[in-house]
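> here are the coordinates; sequence isn't available:
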């Protein structure tokens, strides 16, 4: 098995961040990503945060690179890996969340990450994680199918069983237990990935990273011109409350970031610029909003 | 020591809910509390949720009573009490969060609760908890002082040391570590309270419950007519994001509710109807908004 090459991972991630920002800016007529470089106060390293706010297409989008080196893995990273508690670590990743203005354009999220947990006199433990998932407001079945086709395409060179496995993991991970709803239509999620050796795992990470824009841009292009009114906007803002709930209550990456003393503004760029809560609101049966609940917020086989 | 009297606690809590709703409605010209009764699907019991939405004064307010009986205390309740893990429990409480529309009127929160953890062949373990805290947007020193005076008045019959102790606990509890900010100007917070025996502890709970309206209504009356514009409203909505962050990331009551299978809509009525996030926003030095950060979001001795 080949040794992990942190520099190669880092170079890929920085390039991926560039390409994703360029791809999104290509659809956005009015605003541009602003870059903030930061240093990791709780250890060594830092990040390159890029946020685009107040665009015509993108109400807010954040595409963040970070590479942090710390003395102790925080609880969120060792909850399932008690053997790694107390180890020093390096964590590298690109994480992004895109909140479009038009309620017909889904919110999307992607993340690719690499961890090494180190301890004196022991071999380092490393793993990859990542994936991408889609959160529509006014959903289209053909968009969900196309999204999952891209997810399957990303996995297929690595075996027939990879897409079904990580598609299911995604359904399980992006689940709001207290709402009994999935966050959206899912996609891919994987973690603790080292079973194929470093080179092949890194190939897989690249495949997932490279397929995000291929999956998302066609949907953006198809839906961004759809007219909408106050009703659709209200529903989008209401549903964004679920995005906030998921990220603050459940999301491992958010908790890892906050617990490891990461840069709060970079971590919480995943939250939407505006979110609404309405006590005990339910969609009218048979309405377009109800269609989301009935047909898209439960795990489904899309392909 | 007298045995715990659950029925007496329940009767007090239901009456307290009534009185608080009436007191708040007395200030609200346009809207009324709506009541929803629910049953606890994960065990026995249920609750009486009262929410007022879309008022002129109260953009949203929820005043909830609940009494739930379950088989296993959830992790949020036993994190600091490992000896109680796995016990059956009863939990009774009134919990409220008031989000006024006018940014000059602070948000307020109060909670009074009683727990019994039961196990066969062992004496039951019981405790009270509760408190109230204030979250201003455009703060006034005299309001913070008056609020803390009411808090001290609630505690004084129980000893000189009670207010300082629970005031400090409140500062520590309502703290957003990832922002290095208190949630507001604090007040009182206590938990695991059984050291005075049941009768005196229950007296203390009543004193805290009864002082909430005495603390809050004068501030509401004084500030509700203050004119405001878009700038103040924007800042209020931005700061409400912090309220969401606290309740979903840190709040023990919210986590207890969600983990114990409580009614989600009743638990999350604490979230504001509208919240904004703005990447990397900071107040202009010397501005009214900066005054909040500089002088009110750090623990202070108000009396």
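Cool, the structure landed. All values derive from a computational prediction rather than experimental measurement. Residues are numbered from 1 along each chain as shown, chains lettered A, B, ... in the order given.

> Just give me the neighbour total for the residue in the stretch 201-303 of chain A that chain B sits nearest to.
Distances between the stretch 201-303 of chain A and chain B by Cβ to the nearest Cβ are smallest at residue A:248, namely 3.7 Å. C-beta here means a position set from N, CA and C on the backbone, and glycine is covered the same way. By other Cβ atoms under 10 Å in any protein chain shown, 21 other residues sit near residue A:248.

> Quick check: it vs residue B:178, distance?
Shown here: residue A:248 relative to residue B:178, a distance of 11 Å by Cβ to Cβ, to the nearest Å.

> okay, and the common contacts of those two?
By Cβ atoms under 8 Å, 6 or more residues apart in numbering or on different chains, residue A:248 and residue B:178 have these common neighbours: B:245, B:249.

> Just the pLDDT for the closest residue to chain B within the stretch 1-150 of chain A.
When scored by Cβ to the nearest Cβ, the stretch 1-150 of chain A has residue A:51 as its residue closest to chain B, at 4.6 Å. Residue A:51 carries a pLDDT score of 98 in this model.

> for it, what are its contacts?
Contacts of residue A:51 by Cβ under 8 Å, 6+ apart are A:33-34, A:36, A:60-63, A:269, B:279-280.

> okay if I get those as a markdown table plus secondary structure?
Listed next are the contacts of residue A:51 as a markdown table, based on DSSP: H, G, I helix; E, B strand; the rest coil:
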| residue | secondary structure |
| --- | --- |
| A:33 | coil |
| A:34 | strand |
| A:36 | strand |
| A:60 | strand |
| A:61 | strand |
| A:62 | strand |
| A:63 | strand |
| A:269 | helix |
| B:279 | coil |
| B:280 | coil |
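
> Need the buried ones from the residues you listed selected in PyMOL.
Of the contacts of residue A:51, the buried ones can be selected in PyMOL as follows, counting by 16 or more other Cβ atoms under 10 Å in any protein chain shown:
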select buried, (chain A and resi 33+36+60+61+62+63+269) or (chain B and resi 279)
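
> right, and out of the contacts of residue A:51, which lies closest to residue B:140?
For these, the closest approach to residue B:140 (Cβ to Cβ) belongs to residue B:280, at 28.1 Å.

> Against residue A:285, how distant is that closest one?
Taking Cβ to Cβ as the measure, residue B:280 falls 42 Å from residue A:285.

> Also residue A:2?
56 Å.

> Ok, residue A:258 next?
Separation of residue A:258 from residue A:285 (Cβ to Cβ) stands at 39 Å.

> more neighbours, the two?
Of the pair residue A:258 and residue A:285, residue A:258 is the one with more neighbours under other Cβ under 10 Å, namely 21 against 8.

> Tell me the gap between the strand or helix carrying that one and the middle of its chain.
Secondary structure assignment for residue A:258, by DSSP states H and E: helix A:252-259. Mean C-alpha position of helix A:252-259 versus that of the full chain (Cα atoms, centre = their mean, to the nearest Å) differs by 13 Å.

> Who are the packing partners of the helix or strand following that helix?
As assigned by DSSP H and E, the chain's next helix or strand after helix A:252-259 is helix A:264-267. Where contact means 3 or more Cβ pairs under 8 Å, 6 or more residues apart in numbering or on different chains; DSSP states H and E, helix A:264-267 is packed against strand A:34-39, strand A:44-53, strand A:58-70, helix A:252-259.

> Where does residue A:165 sit, in terms of helix or strand?
Mapping residue A:165 onto the secondary structure by DSSP H and E places it in helix A:162-173.

> residues making contact with whichever helix or strand comes after that helix?
Per DSSP H and E, helix A:162-173 leads on to strand A:175-176 as the next helix or strand towards the C-terminus. For strand A:175-176, the surrounding residues in contact (Cβ under 8 Å, 6+ apart) are A:181-183, A:242, A:245-246, A:249-250.

> which stretches of chain A aren't confidently modelled?
Along chain A, segments meeting pLDDT under 70 span A:1.

> switch the cut-off to 50
For chain A, no stretch has pLDDT under 50.

> near chain B, which residues of it?
A:36, A:51, A:53, A:60, A:62, A:177-179, A:237, A:241, A:244-245, A:248-249, A:258, A:264-265, A:267-269, A:271-280 (Cβ under 8 Å from any Cβ of the partner chain).

> if we go to 7 Å?
A:36, A:51, A:53, A:178-179, A:244-245, A:248-249, A:258, A:264-265, A:268-269, A:271-280 (Cβ under 7 Å from any Cβ of the partner chain).

> how far away is the residue lying farthest from the centre of chain A from residue A:115?
Going by Cα atoms, centre = their mean, the residue of chain A most distant from its centre is residue A:121, 34.7 Å out. Applying Cβ to Cβ, the value for residue A:121 to residue A:115 is 20 Å.

> Buried only: go through the contacts of strand A:175-176 for me.
When these are checked for burial by 16+ other Cβ under 10 Å, the buried set is A:181-183, A:242, A:245-246, A:249-250.

> In helices only, show me those residues.
Secondary structure defined by DSSP state H assigns A:242, A:245-246, A:249 of these to helices.

> Closest to residue B:102 out of those residues?
So of those, ranked by how close each gets to residue B:102 (Cβ to Cβ), first place is residue A:245, at 26.8 Å.

> Could you measure from that closest one over to residue A:278?
Taken as Cβ to Cβ, the span from residue A:245 to residue A:278 is 14 Å.

> can you check residue A:54 too?
Residue A:54 is 25 Å from residue A:278, by Cβ to Cβ.

> Of these two, give the one with the bigger neighbour count.
Between residue A:54 and residue A:278, residue A:278 has the larger neighbour count (other Cβ under 10 Å), namely 16 against 12.
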